[in-house]
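Visitor: Here is my input, please return the structure:
(one chain, ligands or ions: 2)
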Amino acid sequence: MHTVGRSHTTARPRPSGINTRASFRVVPSGAALGAEIQGVDFALAVPEDVKEALRKAWAEHLVLLFRDQDIDDHRLLAAAGIFGPPHDSASRKYHLNAGRKVDNRYMISEHPSVSIISNLDENGDPVKDNGSLGSYEVVWHTDNSYVEVPPAGSMLYALVVPVDGGGDTSFNNQYLAYEELSDEFKRVIEGKYQVHDSSRNSAGVLRPGVRLPTKAEEVEGPTHPLVRVHPVTRKRALYLGRRRDWPSNYIVGMPNAENEALLDKLWAHATQSKYAWTHKWRVGDIVLWDNRCCMHYRTEVDPMQPRIMHRTTIKGEPPIAPW
Ligand code: OGA
Ligand code: MN
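Guide: Ligands and ions are numbered 1, 2, ... in the order given. Below is the predicted model:
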């Protein structure tokens, strides 16, 4: 059994020189997105001017990395709260409906907006398949695109990471992916909407109590524009969700074969390595990403080694179509 959880429930007083505009540094990754933020400690109170600088850095870099954090879920929620109100995890209800119990150690958190992303089973042992993401490779996706109002962002905090055991997480810049589409391609997807199937999670695992759709009419999930306007930056980004075979994730009003061909082309374009940045986790890392303008991907995890992350999501708005 691996016990996790930190003890700092309330913010400690802030020594001078930490969490100030002067201590605050933005170090860009050098890739198409991502920056490390230095001089910020979420165990301590964060003043308003630093919060403002963090929001600005997020809008500019899409993904922010904070190292060496040591906080509990309350502080994690407070950190995410700098960027917006909490969003309740969309996958939680499937697990609760299937009879899984709330257990803050490794499965379902008591906080509806905190998900425990671990490869542990109910005994606390690492496994390949735990009915959630387990140790699987996690395909390129944005979080909860299968609900009407997907979360604006997600914040993932590493509590236990395997040593050289995979589970690296990559992010890609979907503003750039949109910008670099040919004018002709932009015209082809103009005005188009996609259905986002909710049946499987981002590791491809069927959610508990759910049937895989076999025809378009059976797909459960919302319809979102293929291109969305970011409410803060006002820039356009490709919004693809996750790639599944027919009939999951189809473009409305387009015949099957054409649908698959167009989605294949879009996905091949959007997931090019030139748009991506990869993060290798250390304990204490927090990564915040923007689900409105980037996708993320995780390599397989060594199923013999525990990996425990706590994730919280930030409330979003219905995707804004540019047309
Ligand atoms: C997630 C996710 C990736 C990872 O928490 O939404 O996709 O690295 N996780 O575990
Ligand atoms: Mn995800």
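Visitor: The residue in the stretch 201-323 of the chain that ligand 1 sits nearest to: neighbouring residues, count only.
Guide: Closest contact between the stretch 201-323 of the chain and ligand 1, by Cβ to the nearest ligand atom, is at residue 298 (3.9 Å). Just so you know, the C-beta spots here come from the backbone N, C-alpha and C atoms, and that holds for glycine as well. Residue 298 has 26 neighbours, counted by other Cβ atoms under 10 Å.
Visitor: do the same with residue 39
Guide: Close neighbours of residue 39, defined as other Cβ under 10 Å, add up to 16.
Visitor: same thing with residue 253?
Guide: For residue 253, the tally of surrounding residues (other Cβ under 10 Å) stands at 9.
Visitor: do you know how far it is from residue 216?
Guide: Residue 253 sits 11 Å away from residue 216, taking Cβ to Cβ, to the nearest Å as the criterion.
Visitor: Ok, residue 302 next?
Guide: Per Cβ to Cβ, residue 302 is found 39 Å from residue 216.
Visitor: Just give the nearest non-adjacent residue to residue 214, would you?
Guide: Using Cβ to Cβ, 6 or more residues apart in numbering and skipping the chain neighbours, the partner closest in space to residue 214 is residue 247 (7.1 Å).
Visitor: Is the lowest-mean-pLDDT helix or strand in the chain in proximity to ligand 1?
Guide: In the chain, the helix or strand scored least confidently by mean pLDDT, DSSP states H and E is helix 92-97, which has a mean of 90. No - no part of helix 92-97 sits close enough to ligand 1 to count as contact by Cβ under 6 Å from any ligand atom; the gap is at least 12.7 Å.
Visitor: After that helix, heading C-terminal, what element do we hit next?
Guide: strand 114-118 (DSSP states H and E).
Visitor: Secondary structure class of residue 148, three-state.
Guide: The three-state assignment at residue 148 reads coil, by DSSP: H, G, I helix; E, B strand; the rest coil.
Visitor: Actually, residue 37.
Guide: Put simply, residue 37 is strand when judged by three-state DSSP.
Visitor: who touches it in this structure?
Guide: For residue 37, the contact set (Cβ atoms under 8 Å, 6 or more residues apart in numbering) comprises 24, 25, 26, 27, 54, 57, 64, 65, 66.
Visitor: Make a PyMOL selection of the buried ones in the residues you listed.
Guide: Selecting the buried subset of the contacts of residue 37 in PyMOL, with 16 or more other Cβ atoms under 10 Å as the burial test, is done by:
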select buried, resi 24+26+54+57+64+65+66
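Visitor: Make JSON lines out of the contacts of residue 37 and add secondary structure and distance to residue 236.
Guide: Below are the contacts of residue 37 laid out as JSON lines (DSSP: H, G, I helix; E, B strand; the rest coil; distance: Cβ to Cβ, whole Å):
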{"residue": "24", "secondary structure": "coil", "distance to residue 236": "30"}
{"residue": "25", "secondary structure": "strand", "distance to residue 236": "30"}
{"residue": "26", "secondary structure": "strand", "distance to residue 236": "24"}
{"residue": "27", "secondary structure": "strand", "distance to residue 236": "27"}
{"residue": "54", "secondary structure": "helix", "distance to residue 236": "24"}
{"residue": "57", "secondary structure": "helix", "distance to residue 236": "21"}
{"residue": "64", "secondary structure": "strand", "distance to residue 236": "22"}
{"residue": "65", "secondary structure": "strand", "distance to residue 236": "25"}
{"residue": "66", "secondary structure": "strand", "distance to residue 236": "28"}
